[in-house]
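1. no FASTA, just this:
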């Protein structure tokens, strides 16, 4: 089904920017505007300490990139089955392809935003090292995390349309439960931080900063977050396949 995955992914990319006045520029505007707002509120007004010598805009932007990838992927995948009801009710194909293609389509935005981050690092004279190659597996982990949660939400959204209303609120809370506008060092070490790291995006965000700026490797934080992703993915696949036979009747 490789051709179908490619077709649906490319279709999602084109639909997103069709008749949009700014087009692909939205991939740049979203992280830029969010970085500016958080830098003013948390960096300038509240004077949040980054725990390092990093400028606050770069500190925040490095975390916002994987977060926006996760956020947008989850938003798209959670409503993907309902949005493709015409396909589901007419022909058979593995329904898993629909949320998967929704997540893959967001990688285009992420690639453009990543170039923006490198430009910001150059402006603030933050050196880029070979550890940046870790961004490749970390991006994959972000995509898998979004797909894992998206499988649960997309399947539930077929039965309960309240899910699509709940997702934006859930993501807003999730963002503040992730070390994006503050450093992870404010979370006490030990058991509390391990429990905190069960949030899949904690390990991803912390690892992104380490890959770009160096410092202490995320070690146990990334391990606990990765375990949470695996559990969510396996359980999500099981639940999705169990509900798959009812999609065409209910959607």
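-> Yep, it's here. Bear in mind the structure is a predicted one, so any value in this text is a computation, not a measurement.
2. Endpoints of stretch 186-205, how far apart?
-> Start-to-end span of stretch 186-205 (Cα to Cα, to the nearest Å) is 15 Å.
3. do stretch 130-139 as well
-> Distance across stretch 130-139, first residue to last, is 16 Å (Cα to Cα).
4. pLDDT of it, averaged?
-> Mean pLDDT, stretch 130-139: 93.
5. again with stretch 151-165
-> Computed over stretch 151-165, the average pLDDT equals 90.
6. List the contacts of residue 27.
-> 108-109, 112-113 (Cβ atoms under 8 Å, 6 or more residues apart in numbering). All C-beta spots, glycine's among them, are computed from the backbone N, C-alpha and C.
7. If we use 10 Å, what do you get?
-> Residues near residue 27 by Cβ atoms under 10 Å, 6 or more residues apart in numbering: 16-17, 68, 72, 106, 108-113, 115-116.
8. Tell me how far it lies from residue 65.
-> 11 Å (Cβ to Cβ, to the nearest Å).
9. which residues are in contact with both of these two?
-> Residues touching both residue 27 and residue 65 (Cβ under 10 Å, 6+ apart): 109-110, 113, 116.
10. Could you list the low-pLDDT ranges of the stretch 1-150 of the chain?
-> Confidence mapping of the stretch 1-150 of the chain against pLDDT under 70 gives the ranges 19-23.
11. so how far is stretch 156-164 from its chain's centroid?
-> Centre-to-centre, stretch 156-164 and its host chain are 20 Å apart (Cα atoms, centre = their mean, to the nearest Å).
12. typed the wrong thing, it's stretch 123-136
-> Counting by Cα atoms, centre = their mean, stretch 123-136 comes out at 20 Å from the chain centroid.
13. give the contact list for residue 142.
-> Here residue 142 is in contact with 65-70, 73, 103, 106-107, 110, 135, 200-201, 204-205, 207-208, 229 (criterion: Cβ under 10 Å, 6+ apart).
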